[in-house]
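A.B. asks: Sequence first, then the predicted structure:
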Amino acid sequence: MSDAPTSNFIRQIIDGDLNSGKHNTVVTRFPPEPNGFLHIGHAKSIVLNFGIGDDYKGATNLRFDDTNPAKEEAAFVESIKADVEWLGFAWKELRFASDYFEQIYDFAVELINTGKAYVCDLNAEEVREYRGTLTEAGKPSPYRDRSVEENLDLFQRMRDGEFDDGAKTLRAKIDMASPNMNMRDPALYRIRKGLHHHQVGDAWSIYPMYDFTHPISDAIEGITHSLCTLEFEAHRPLYDWVLDNISIDCHPQQIEFARLNLEYTVMSKRKLTQLVDEKHVSGWDDPRMPTIAGLRRRGYTPKSVRDFCHMIGVTRADSTVEMGMLEAAIRSDLEAVAPRRMAVLNPLKVVITNYPEGQIETLQGPNHPKDESMGSRELKLTREIFIDAEDFREEANKKYKRLVLGGEVRLRNAYTIRADEIVRDASGEITEIHCTYDPETLGVNPEGRKIRGVIHWVSASEGVRADVHQYDRLFTVPNPGAKGDFLSDLNPNSLKVLKDAVVEPALVAVEAGERFQFEREGYFCRDSESSSDGKPVFNQIVGLRDSWGG
Ligand code: ATP
Ligand code: MG
């Protein structure tokens with residue numbers, strides 16, 4: 001599924017390859033490591049890869065890059081599949097890099113046989129010392145010239161579990177003086193013993209490195225264009241070296257693009273894992289998290305996430321995107337489709353003194369002011385109602401479009417009321433406003449009287465209590481961690497729970513995930529869980545206007 005494919009430099013390369021006859025079809029892949037939940041940065045890669053697969057009528061595989069069992073889990077595999085599907089995409093093949101472990105091993109043996117790989121006994125620290133620096137060539141490992149026979153024997157014994165973690169690696173024999181550090185005899189295999197792998201169980205004591213696994217997996221799957229983020233640019237010569245030096249026909253083209261950075265949040269899985277593990281958030285799907293699961297729970301639509309990815313485009317220039325862009329995407333999606341409802345977030349009681357006690361009047365409220373086809377819902381008017389405390393002032397000048405003592409406003413979809421009297425408790429706090437309504441004003445404005453504005457309301461007896469969660473940015477600075485520990489930039493007030501909110505009756509029986517515009521407040525979504533005291537919970541998705549500027 002792709003809504004508004006905009007061209008970009010990658011699509012131009014693909015167009016060129018199709019026109020020149022280099023390829024007659026396009027195959028891409030999205031290759032997440034199952035070591036955490038997907039985030040909005042991954043969405044950029046998903047929309048790019050699957051969007052290309054769809055638009056060119058080619059194919060896109062979902063491939064789990066599962067070469068590090070220490071950090072990976074089957075539960076993450078499932079969450080990633082669910083997130084890709086939720087975003088609206090379908091993979092051609094579901095693969096795991098571990099599906100290819102036997103083939104990858106055979107290619108390693110081939111490299112040993114051709115004298116292009118060797119078993120090295122240097123430990124990690126020694127490898128670093130031997131590698132040299134950006135300005136100094138490295139030194140050859142003392143094990144670099146082992147015979148093919150010795151290498152084959154040692155590699156087999158590495159596989160058999162004879163050596164401890166870190167005791168040996170298999171390294172490519174490339175160029176210890178290369179200006180590209182990745183080409184200075186990079187590791188191809190390392191020993192990871194005694195780990196249970198979520199796909200292959202206990203079958204392996206050695207695991208191939210990403211830089212060896214990735215080009216081979218791409219080639220096995222017939223990927224034409226292997227799209228990755230810019231930090232892999234310096235790995236491209238190694239990607240090409242691997243494919244040039246093993247017996248495989250396919251040679252995908254690696255193309256790099258800039259990763260997405262979003263203000264006021266973090267996107268590294270390590271940091272997101274830390275937020276979850278240390279309980280700074282309620283889980284991977286906490287509505288403040290930049291994860292797909294968090295955005296979904298918050299109330300973002302798949303379309304809004306895809307639209308956002310189209311809006312930001314694909315380039316090779318690193319940049320940080322403003323949160324306002326993501327919010328603009330969901331706002332513009334929901335404006336046309338979210339049913340309108342009334343919810344009073346900070347209730348103040350209004351008694352309509354000339355309204356008959358015990359009367360419940362059913363009124364109609366259109367679900368959308370500009371779309372009659374969305375129909376209407378029933379509103380219940382009673383003598384006692386709630387309005388928002390923000391919508392009343394004892395005194396105010398003419399610019400105040402809400403209720404003022406002695407002034408008149410319209411209750412949305414109902415009558416006009418005038419505030420006659422303020423009732424206070426012993427401490428002087430306002431507890432109630434006594435008003436009178438004008439029964440002649442349903443759908444018509446009174447002649448010769450000034451109505452200041454329209455406010456929302458909910459019947460005190462027919463409305464229902466709910467918890468409303470309002471969110472602020474998760475971090476207080478645009479680039480968390482720039483000056484030290486990212487956790488010290490956490491916003492302590494990122495979640496505000498309003499426990500006294502009252503919502504209209506039509507909001508009682510709504511499903512988790514249903515989205516509404518609460519009139520004059522913003523867009524809200526019913527959460528999947530209820531509050532501890534059994535009330536429905538509504539998450540604020542986004543306000544009605546951009547509140548991030550400045
Ligand atoms: P992290 O560094 O947070 O662990 P990662 O890049 O290692 O992230 P992977 O699961 O390996 O995460 O990523 C899968 C794919 O998503 C890769 O092709 C990667 O380039 C891409 N990707 C990850 N983060 C971003 C991002 N912020 N913007 C665009 N693409 C991304
Ligand atoms: Mg990775």
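C.D. replies: Noted; the coordinates are in hand. Residues are numbered from 1 along each chain as shown. Ligands and ions are numbered 1, 2, ... in the order given.

A.B. asks: In this structure residue 384 contacts residue 347, no?
C.D. replies: No - using C-beta atoms under 8 Å, residue 384 is not in contact with residue 347, being 10.9 Å away. C-beta coordinates here come from the backbone N, C-alpha and C atoms, glycine included.

A.B. asks: The two - which one has more neighbours?
C.D. replies: Neighbours of residue 384 and residue 347, each counted by other C-beta atoms under 10 Å, are more numerous for residue 347; the result is 21 against 15.

A.B. asks: give me the beta-bridge partners of that one?
C.D. replies: Going by DSSP bridges, residue 347 is paired in beta bridges with residue 388.

A.B. asks: residues touching residue 210, list them.
C.D. replies: With contact set as C-beta atoms under 8 Å, 6 or more residues apart in numbering, residue 210 has these partners: 65, 67.

A.B. asks: What does it show for phi and psi?
C.D. replies: Dihedral pair for residue 210: phi -50, psi -50, per degrees, to the nearest 10.

A.B. asks: now residue 207
C.D. replies: Per degrees, to the nearest 10, the backbone of residue 207 is at phi -130, psi 140.

A.B. asks: So what's the residue count around it?
C.D. replies: Residue 207: 24 neighbours (other C-beta under 10 Å).

A.B. asks: can I assume it is in contact with residue 65?
C.D. replies: No - applying C-beta under 8 Å as the test, residue 207 and residue 65 come out as separate, 11.5 Å apart.

A.B. asks: May I see the buried residues of the one helix or strand residue 82 maps to?
C.D. replies: Element membership of residue 82, judged by DSSP states H and E, is helix 74-86. Across helix 74-86, burial judged by 16 or more other C-beta atoms under 10 Å covers 76-77, 79-81, 83-84, 86.

A.B. asks: Might you name the residue of the stretch 1-150 of the chain sitting closest to ligand 1?
C.D. replies: residue 41 (2.2 Å; C-beta to the nearest ligand atom).

A.B. asks: Give me the three-state assignment for that residue.
C.D. replies: Following DSSP: H, G, I helix; E, B strand; the rest coil, the label given to residue 41 is helix.

A.B. asks: Quick one: name whatever helix or strand follows the helix or strand bottoming out on mean pLDDT in the chain.
C.D. replies: Of all helical and strand segments in the chain, the minimum by mean pLDDT, DSSP states H and E falls on strand 319-321, at a mean of 92. Downstream of strand 319-321, the next assigned helix or strand under DSSP H and E is helix 323-337.

A.B. asks: Tell me who's in contact with the residue of the stretch 1-150 of the chain closest to ligand 1.
C.D. replies: 259-262, 267, 290.

A.B. asks: what about 7 Å?
C.D. replies: Applying C-beta atoms under 7 Å, 6 or more residues apart in numbering to residue 41 gives the contacts 259-260, 267.

A.B. asks: Of the residues you listed, which is the nearest to residue 298?
C.D. replies: Using C-beta to C-beta, residue 267 is the member of the contacts of residue 41 that sits closest to residue 298, with 16.3 Å.

A.B. asks: who's in contact with the closest one?
C.D. replies: 39, 41, 261, 290.

A.B. asks: can you check residue 350 too?
C.D. replies: Neighbours of residue 350 in contact, by C-beta under 7 Å, 6+ apart: 385-387, 433, 435.

A.B. asks: same question, residue 38
C.D. replies: So residue 38 contacts 32, 80, 83, 291-292 (C-beta under 7 Å, 6+ apart).

A.B. asks: Distance to residue 447 added to these, as TSV?
C.D. replies: Converted to TSV, the contacts of residue 38 look like this (distance: C-beta to C-beta, whole Å):
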residue	distance to residue 447
32	65
80	63
83	57
291	56
292	55
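
A.B. asks: biggest separation within these, which pair?
C.D. replies: Every pair of these checked by C-beta to C-beta; the farthest is 32 and 291, at 12.3 Å.

A.B. asks: If you count surrounding residues, which of those two has more?
C.D. replies: Taking neighbours as other C-beta under 10 Å, residue 32 and residue 291 compare with residue 291 leading, 30 against 23.

A.B. asks: ok, back up a step: which other helices and strands contact the least confident helix or strand of the chain?
C.D. replies: Applying 3 or more C-beta pairs under 7 Å, 6 or more residues apart in numbering; DSSP states H and E, we find strand 319-321 packed against strand 260-262.

A.B. asks: If you count neighbours, what's buried in the strand it packs on?
C.D. replies: 260, 262.

A.B. asks: Downstream of that strand, the next helix or strand is which one?
C.D. replies: helix 269-277.

A.B. asks: Give me the average confidence score over the very next helix or strand once past that following helix.
C.D. replies: Once the chain leaves helix 269-277, the next helix or strand it forms, by DSSP H and E, is helix 292-298. Looking at helix 292-298 alone, the average pLDDT works out to 98.

A.B. asks: Put the alpha carbons of helix 292-298 into CSV.
C.D. replies: What follows is helix 292-298, C-alpha atoms only, in CSV (Å, rounded to 0.1, in the frame of the first residue of the first chain):
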residue,chain,number,x,y,z
ILE,A,292,4.9,1.9,16.1
ALA,A,293,3.1,0.1,19.0
GLY,A,294,3.2,3.3,21.0
LEU,A,295,1.9,5.5,18.1
ARG,A,296,-0.9,2.9,17.5
ARG,A,297,-1.9,2.9,21.1
ARG,A,298,-1.8,6.7,21.2
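
A.B. asks: The following helix or strand past it and ligand 1 in contact?
C.D. replies: For helix 292-298, the succeeding helix or strand toward the C-terminus, using DSSP H and E, is helix 302-312. No - taking C-beta under 6 Å from any ligand atom as the criterion, helix 302-312 and ligand 1 are apart, separated by no less than 9.3 Å.
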